[in-house]
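In: Build the 3D model from these lines:
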Amino acid sequence: MNQSHGFRHRPIIAVLAAVVPAFLVAPAYAKKFDVEIDTSGVSAAAIEQPVPAFPDGKMRGGQEGWVRISFIIGPDGRASDPVVVDSSGGSLFEQAALDVVSTWQFEGPGTGGDYANNTVDVRFEISGNRDRATRNFLRRYRDIVSDLYHVKPEKARDKVDMANDFGGWNLYESTMLALLNARVEAAEDDTVEELEYYRRALAVSGEAALDRKERVEILGRILALEIESRQYGDAQATLEQLRAAPGSEAVLAELSGEIRELESTIESDEVVVANGTIYNPCDCDTGTPLWAYTPLRRDFSFAEVSGNVERFEARCDNHRLSARVEAGTRWSLPPEWGSCRVFVFGEDAATFEFVEHREVPGHDEAGGSAVASSDVLD
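Out: Down below sits the predicted model:
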């Protein structure tokens, strides 16, 4: 693994050591709960959007959940085809969110197309249990931090796996556990899993779980990993977040070399290749294995497919495109489709290259339709 990023291990271990004060100990359970839906990533105004129920049996143990879902809004305004992009808490929280999405009604596009690029975050939180850790979690947490500090990755791996399997954590604890998982993956040189866990930690965390400085440092680590894995489209969005974050000057300066590489790639005409690995975004068995990516360019193909990579779906603001993954076929997404996110589905751990091109011949004659052309890749 590339060890050139100077802040790679230093700040995150400081985050791990500081974010769970001993006095923040949660009660065993509470009687009230909140379910919040973040609709900032939805293209249309809601007409009917029932809130998911808190899963039976989870409140007494203090377990909370978070689910990120992508879905389609059809011409009639009905929500359909939801997929879990990421989650924390397990299958019951996932299922509660998925069950209710299919009942949502929005203002339809009225054009015969779809509002396809929609994302919601659903948070299941127990009242009075936020931003606190149980004694059980604190004990496990400190043991893992100690193993990481004393460079005992095998012991840290065993203990973090046990913590993952044990479950029952609230969202504060889930944030800390995601950070621990990321550090263990880093110790094992698995940058793919490391990146996903840092993304999850940032998404799940509330304001008390991570302060502004810690969020900036984690954003910087995410940016470095996205550039390292050549996920330049996602890296471009992360860089925008980092530049907008107060107090990010030091991290931006430390990553100046990587940022120059990113900006040079964005401006160039060269082929860009992102490394894709399909994984199950849930720590349970019910999630759909996928790889989600915001492309840097609108023309793409697939290469070096290893394992069962079944199909892809481009979910754009105004349309969607679904097709089988076949090496040697190039696809073009018309600009009038708006912003797009590509989902690739298949078996867990299958890998591929997502090849981004500057232009597909004949694109100007597409007439607003996606273009597929046969091509021999270099």
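In: The protein: helices as residue ranges?
Out: With helices called from DSSP state H, the chain shows them at 10-18, 91-101, 135-149, 153-166, 171-187, 191-204, 212-228, 232-244, 249-254, 256-267.
In: wait, which of these is closest to Val35?
Out: Nearest of the helices of the chain to Val35, taken as Cβ to Cβ: helix 91-101 at 8.6 Å. From N, CA and C alone the C-beta is placed, and that goes for glycine too.
In: Show me which residues of the closest one are buried.
Out: Within helix 91-101, the residues that count as buried by 16 or more other Cβ atoms under 10 Å are Ser91, Leu92, Phe93, Glu94, Gln95, Ala96, Ala97, Leu98, Val100, Val101.
In: From the chain's centre, how far out is it? Work that out for me.
Out: For helix 91-101, the distance from its own C-alpha centre to the chain's C-alpha centre is 18 Å (Cα atoms, centre = their mean, to the nearest Å).
In: Mind giving me the packing neighbours of that helix?
Out: strand 65-73, strand 79-88, strand 115-126 (3 or more Cβ pairs under 8 Å, 6 or more residues apart in numbering; DSSP states H and E).
In: Now tabulate the ones you listed in JSON lines and tack on mean neighbour count, mean pLDDT and distance to Arg330.
Out: JSON lines is the format used below for the helices and strands packed on helix 91-101 (neighbours: other Cβ atoms under 10 Å; pLDDT from 0 to 100; distance: least, Cβ to Cβ, whole Å):
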{"stretch": "strand 65-73", "mean neighbour count": "24", "mean pLDDT": "96", "distance to Arg330": "24"}
{"stretch": "strand 79-88", "mean neighbour count": "21", "mean pLDDT": "94", "distance to Arg330": "25"}
{"stretch": "strand 115-126", "mean neighbour count": "23", "mean pLDDT": "95", "distance to Arg330": "21"}
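In: Columns distance to Ile218 on top of these, output as CSV?
Out: Putting those into CSV (distance: least, Cβ to Cβ, whole Å) gives the following:
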stretch, distance to Ile218
strand 65-73, 16
strand 79-88, 15
strand 115-126, 17
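In: which one of the ones you listed lies closest to Leu195?
Out: With Cβ to Cβ as the measure, strand 79-88 is the member of these nearest Leu195 (11.9 Å).
In: now for that closest one, which elements pack on it?
Out: strand 65-73, helix 91-101, helix 171-187, helix 191-204, strand 290-293.
In: if we compare the ones you listed, which one ends up closest to Tyr232?
Out: strand 290-293 (9.9 Å).
In: Does anything pack onto that closest one? Which helices or strands?
Out: By 3+ Cβ pairs under 8 Å, 6+ apart, strand 290-293 packs against strand 79-88, strand 272-277, strand 340-346.
In: contacting residues around the residue nearest to Gly233 when sequence neighbours are not counted?
Out: Counting by Cβ to Cβ, 6 or more residues apart in numbering, Gly233 lies nearest to Leu296, which is 3.9 Å off, once chain neighbours are set aside. Applying Cβ atoms under 8 Å, 6 or more residues apart in numbering, one finds that Leu296 lies in contact with Tyr232, Gly233, Gln236, Thr265, Ile266, Val272, Glu356.
In: do the same with Ser205
Out: Applying Cβ under 8 Å, 6+ apart to Ser205 gives the contacts Leu171, Thr175, Arg215.
In: change it to 6 Å
Out: By Cβ atoms under 6 Å, 6 or more residues apart in numbering, the contact set of Ser205 is Thr175.
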